[in-house]
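Peer 1: Have a look; sequence and predicted model below, questions after that.
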Amino acid sequence: MKQLFNYCYIPGYNDESLTTKDAMQTYLNSLGVDGIELFHYKKDLDVVSVPVFPTVGVHLKYWPYWLDFWQGNKKYLKKQFANVEDLKTYFFGAANKDEWINAIKENIKRALEANPEYLVWHVSDADTENIFTFSFNHTDEEVITATAEVFNAVSDIIPQNVMVLFENLWWPGLKLTNKKIVDTFFAMLKRDNVGIMLDTGHLMNTNQDLNNEEEAADYLCKTIENLGSAKELIYGVHLSSSISGEYVGSFERTVPERLNPEKIMQHISQIDRHQAWTSSKIKNLFHIVEPRYVVHELYYNDLQDLAKLVKKQQSAMGIY
Ligand SMILES: [Zn+2]
């Protein structure tokens with residue numbers, strides 16, 4: 001099993017002391033970590049961190065809201081975007097389905113330049129209002145069906161030896177709470193070498209009643225066991241903790257006035273905490289899944305901060 005951490009280059013935020021390959025290797029060795037899962041969220045490949053970090057996986061760019069665009073639901077698109085220019089900026093310059101497919105292919109090609117062993121693809125759809133009202137425009141079934149269509153339209157450019165791992169979220173799509181949805185989704189994919197990236201925090205976000213990590217560990221194990229043989233598809237785990245039921249139960253299901261990206265980010269980070277696991281009950285999960293990759297996927301300020309959080313999770317896992 002390879003251990004990784006999530007990394008996303010933000011200009012100006014790089015740790016100055018860790019900008020050489022040697023310094024980075026020393027840092028990784030001190031944590032017993034093999035490399036990073038790079039989040040490739042821009043059009044161009046991150047040429048700053050790729051040469052320094054051993055990049056084992058790449059998390060592809062994701063669009064939280066896309067299904068109306070894919071289906072050509074103009075009425076909803078007009079609600080979401082003030083004008084065509086805003087829409088095009090959001091979809092990496094694409095004004096229609098075909099252009100968007102090309103934009104996704106470009107994103108994948110840039111990601112492949114980092115020579116990853118695997119790519120990560122989010123399976124979810126929600127607009128900026130849905131995430132506050134918790135009333136959604138599309139069902140899990142619609143989201144997985146359209147995701148399979150998009151994936152099948154671009155997958156031929158991904159070399160067969162690069163695995164594609166589909167990640168669960170708590171919004172409509174691949175939540176992992178319904179075996180039939182998981183089975184149907186994978187049956188629609190016209191490619192081998194695919195699997196699941198189980199995000200533990202995202203799965204915890206599907207259950208508002210979890211009060212602590214002990215309860216959460218039981219919930220994770222029970223939900224994964226319910227997938228039956230599909231649990232064998234879990235090749236990667238994004239490990240973090242997210243006990244946020246109190247917040248989810250507390251806010252009004254209305255869209256805040258003067259909605260802006262900051263309010264949206266604040267709201268999402270209250271739901272999806274990405275904190276370090278502390279309870280050793282997480283070991284139970286690793287008794288039932290044997291991933292090739294465990295990514296310590298955490299919110300952190302800098303790499304020093306991250307080191308402390310990774311050690312916390314490793315001790316919960318019983319690794320150190
Ligand atoms: Zn994740």
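Peer 2: Structure's in. What do you need?

Peer 1: and stretch 221-234, how far apart are its ends?
Peer 2: 13 Å (C-alpha to C-alpha, to the nearest Å).

Peer 1: In that stretch, which residues are buried?
Peer 2: C221, T223, I224, L227, A230, K231, L233, I234 (16 or more other C-beta atoms under 10 Å). All C-beta atoms are positioned from the backbone trio N, CA, C, and that covers glycine.

Peer 1: Briefly note if it comes near the ion.
Peer 2: No - interface with the ion: stretch 221-234 contributes nothing (C-beta under 5 Å from the ion), its closest point being 13.0 Å away.

Peer 1: ok, and what's touching that stretch?
Peer 2: 176-177, 179, 182-183, 186, 194-198, 203, 284-285, 288-289, 291 (C-beta atoms under 8 Å, 6 or more residues apart in numbering).

Peer 1: One more pass at 10 Å, please.
Peer 2: Residues from elsewhere that reach stretch 221-234 (C-beta atoms under 10 Å, 6 or more residues apart in numbering): 165-166, 168, 175-183, 185-186, 194-198, 200, 203-204, 206-207, 281-282, 284-292.

Peer 1: now it: mean pLDDT?
Peer 2: Stretch 221-234 shows a mean pLDDT of 98.

Peer 1: what's the answer for stretch 51-70, then?
Peer 2: 93.

Peer 1: That one vs the ion: in contact?
Peer 2: No - residues of stretch 51-70 are not located near the ion by C-beta under 5 Å from the ion, the shortest gap being 7.5 Å.

Peer 1: How far does that stretch sit from its chain's centre?
Peer 2: Remark: stretch 51-70 is offset 8 Å from the chain centroid, using C-alpha atoms, centre = their mean, to the nearest Å.

Peer 1: Can I get that stretch as CSV, trimmed to CA atoms?
Peer 2: Output of stretch 51-70 as CSV, limited to C-alpha atoms (Å, rounded to 0.1, in the frame of the first residue of the first chain):
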residue,chain,number,x,y,z
PRO,A,51,9.3,18.1,-10.9
VAL,A,52,9.8,18.2,-7.1
PHE,A,53,7.1,15.8,-5.8
PRO,A,54,6.8,12.1,-6.8
THR,A,55,3.4,12.4,-8.3
VAL,A,56,1.6,9.0,-8.0
GLY,A,57,-1.9,10.1,-8.7
VAL,A,58,-3.6,13.1,-10.3
HIS,A,59,-7.0,14.4,-9.3
LEU,A,60,-8.6,15.7,-12.5
LYS,A,61,-10.3,19.0,-12.6
TYR,A,62,-14.0,18.7,-11.6
TRP,A,63,-17.0,20.8,-12.3
PRO,A,64,-19.5,20.6,-9.4
TYR,A,65,-22.3,21.7,-11.7
TRP,A,66,-22.3,20.3,-15.3
LEU,A,67,-25.3,18.0,-15.9
ASP,A,68,-27.6,20.7,-17.2
PHE,A,69,-24.8,21.8,-19.6
TRP,A,70,-24.4,18.2,-20.8
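
Peer 1: what's near enough to touch Y219?
Peer 2: Contact analysis of Y219 by C-beta under 10 Å, 6+ apart lists T177, T200, L203, M204, T206, N207, D209, L210.

Peer 1: Turn the buried residues of stretch 221-234 into JSON lines, including secondary structure.
Peer 2: JSON lines is the format used below for the buried residues of stretch 221-234 (DSSP: H, G, I helix; E, B strand; the rest coil):
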{"residue": "C221", "secondary structure": "helix"}
{"residue": "T223", "secondary structure": "helix"}
{"residue": "I224", "secondary structure": "helix"}
{"residue": "L227", "secondary structure": "coil"}
{"residue": "A230", "secondary structure": "helix"}
{"residue": "K231", "secondary structure": "helix"}
{"residue": "L233", "secondary structure": "helix"}
{"residue": "I234", "secondary structure": "strand"}
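
Peer 1: Now render these as a markdown table, adding distance to E257.
Peer 2: Below are the buried residues of stretch 221-234 laid out as a markdown table (distance: C-beta to C-beta, whole Å):
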| residue | distance to E257 |
| --- | --- |
| C221 | 41 |
| T223 | 36 |
| I224 | 40 |
| L227 | 41 |
| A230 | 43 |
| K231 | 43 |
| L233 | 43 |
| I234 | 41 |
